[in-house]
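J.: I would like the atomic coordinates for the input below:
(one chain, ligands or ions: 2)
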Amino acid sequence: MRLWMIGCGNMAGAMLRRWIASGVVLAEDVHVVNRGNRDLPLGVVQSRDLPDADTPDLVILGVKPQQLDEVAERYAARVSAAPVIVSMLAGVDAAALGSRFPGPEPVVVMPNLPVEIGQGVVAIHAPDASEAARARVDALMAPLGLVRWFDDAAGFEAAGALSGTGPAFLFRFIDALAAAGEAMGLAPDDAAAVAKVTASGAAAMAAASERSPSALADAVASPGGMTREGLNVLDDQSALNALLTRTLEAAIHRGREMAAERRRN
Ligand SMILES: NC(=O)C1=CN([C@@H]2O[C@H](COP(=O)(O)OP(=O)(O)OC[C@H]3O[C@@H](n4cnc5c(N)ncnc54)[C@H](OP(=O)(O)O)[C@@H]3O)[C@@H](O)[C@H]2O)C=CC1
Ligand SMILES: O=C(O)[C@@H]1CCC=N1
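T.: Numbers count the residues shown, from 1 in each chain. Ligands and ions are numbered 1, 2, ... in the order given. Okay, here's the model as predicted:
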């Protein structure tokens, strides 16, 4: 599959590394346009402009949402013959994408960083996409992890916010566990190592188990033991649930503000 990638930083770079590692894309079939060269897989061409070669099978947009108009102005005509353009820009819906890039079918995705190891989530919203566009996007996204199409905008917004931002919240949780360990007297290195492996082991178990995370928590909490006392703190007045609901609400609120900014422009 031949790709042109306009903007390839943290997120698009993570996707690209997985595409190449999985073999779904060959490095020599990828042309990246960034403002400066990045550390990308060997064989990927990087430049400051799109090539004059034939149009690719897919164009991937990986710049920041605030850069949408700048890159549309510069590249819309050049990509107009491509069959599909995929945007990962938060707060940029299919209408905002399609109006700036006439020609290709617009597909909006919200990936997350663990796609780099094939354990990410890619939420996709493109209710009007043709079967051919869906098949092409599915083939590309399959090696990244869980791929879910949401035909309703609300479902896509909620799933995209949860999966797209979620890794950052979990990374914070790991740090908070380590900090709590330090507060109990652990050396920083020990606290960080123990917190990381505790998190990765528990996450892997939750993903693989037929038991729910709640049932697994109960399995850790021996009756009358230590864990239950700790869970009682987290569960008191649904403290953790309330905190995460507020967290996700704040992220979604910002996504809506960004979407409104793109509509105004
Ligand atoms: N980070 C994440 O976990 C997620 C991010 N996203 C979305 O991904 C997008 C990128 O975010 P992220 O990867 O974090 O940001 P980065 O800043 O890491 O990546 C942006 C990339 O765009 C390039 N760029 C900027 N301006 C231009 C231009 N005019 N022409 C060509 N390339 C340009 C930058 O190049 P240079 O470095 O040379 O300036 C950089 O490589 C955002 O829209 C965000 O909403 C979506 C889901 C998750
Ligand atoms: O923070 C952001 O805006 C992007 C979208 C989801 C994750 N990162």
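
J.: any idea how far G36 is from ligand 1?
T.: 4 Å (CB to the nearest ligand atom, to the nearest Å). C-beta: built from backbone N, CA, C; applies to glycine.

J.: What of L40?
T.: 9 Å.

J.: List the contacts of that residue.
T.: Contacts here follow CB atoms under 8 Å, 6 or more residues apart in numbering; on that basis L40 touches C8, G13, L16, R17, V32, Q46.

J.: now for the residues you listed, which pair is the farthest apart?
T.: The most widely separated members of those, counting by CB to CB, are R17 and Q46 (13.9 Å).

J.: filter the contacts of L40 to the buried ones?
T.: Among the contacts of L40, those classed as buried by neighbour count (16 or more other CB atoms under 10 Å) are C8, G13, L16, R17, V32.

J.: Dump those to TSV, plus pLDDT and distance to ligand 1.
T.: Formatted as TSV, the buried ones among the contacts of L40 follow (pLDDT from 0 to 100; distance: CB to the nearest ligand atom, whole Å):
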residue	pLDDT	distance to ligand 1
C8	98	5
G13	98	7
L16	98	11
R17	98	12
V32	98	8
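
J.: Remind me which helix or strand V121 belongs to.
T.: According to DSSP states H and E, V121 maps onto strand 120-125.

J.: which other helices and strands contact that strand?
T.: In terms of contacts (3 or more CB pairs under 8 Å, 6 or more residues apart in numbering; DSSP states H and E), strand 120-125 is packed against strand 105-111, helix 131-141, strand 145-149, helix 153-183.

J.: what angle sits between that strand and strand 145-149?
T.: For strand 120-125 against strand 145-149, the angle by axes from the mean of the first three to the mean of the last three CA atoms, to 10 degrees is 10 degrees.

J.: Tell me the strands beside strand 120-125, with direction?
T.: According to DSSP bridges, strand 120-125 forms sheet pairs with strand 105-111 (antiparallel), strand 145-149 (parallel).

J.: Centre of the chain to that strand, how far?
T.: In terms of CA atoms, centre = their mean, to the nearest Å, the centre of strand 120-125 is found 7 Å from the chain centre.

J.: do stretch 104-124 as well
T.: Mean-position distance between stretch 104-124 and its chain equals 5 Å (CA atoms, centre = their mean).

J.: wait, does it make contact with ligand 2?
T.: No - applying CB under 6 Å from any ligand atom, one finds stretch 104-124 out of contact with ligand 2, separated by at least 6.6 Å.

J.: Now do the buried residues in that stretch.
T.: Under the neighbour-count criterion of 16+ other CB under 10 Å, stretch 104-124 has 104-116, 119-124 buried.

J.: go on, stretch 130-143?
T.: A133, R134, R136, V137, L140, M141, P143.

J.: Point me to the residue of the protein nearest ligand 2.
T.: G164 (3.3 Å; CB to the nearest ligand atom).

J.: Mean pLDDT for the strands paired with strand 120-125 - can I get that in CSV?
T.: Formatted as CSV, these follow (pLDDT from 0 to 100):
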stretch, mean pLDDT
strand 105-111, 98
strand 145-149, 98
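
J.: check contacts around the residue of the chain found nearest ligand 1.
T.: Distance from ligand 1 to each residue of the chain (CB to the nearest ligand atom) is smallest for G9, at 2.1 Å. G9 makes contacts with N34, R38, G62, as judged by CB under 8 Å, 6+ apart.
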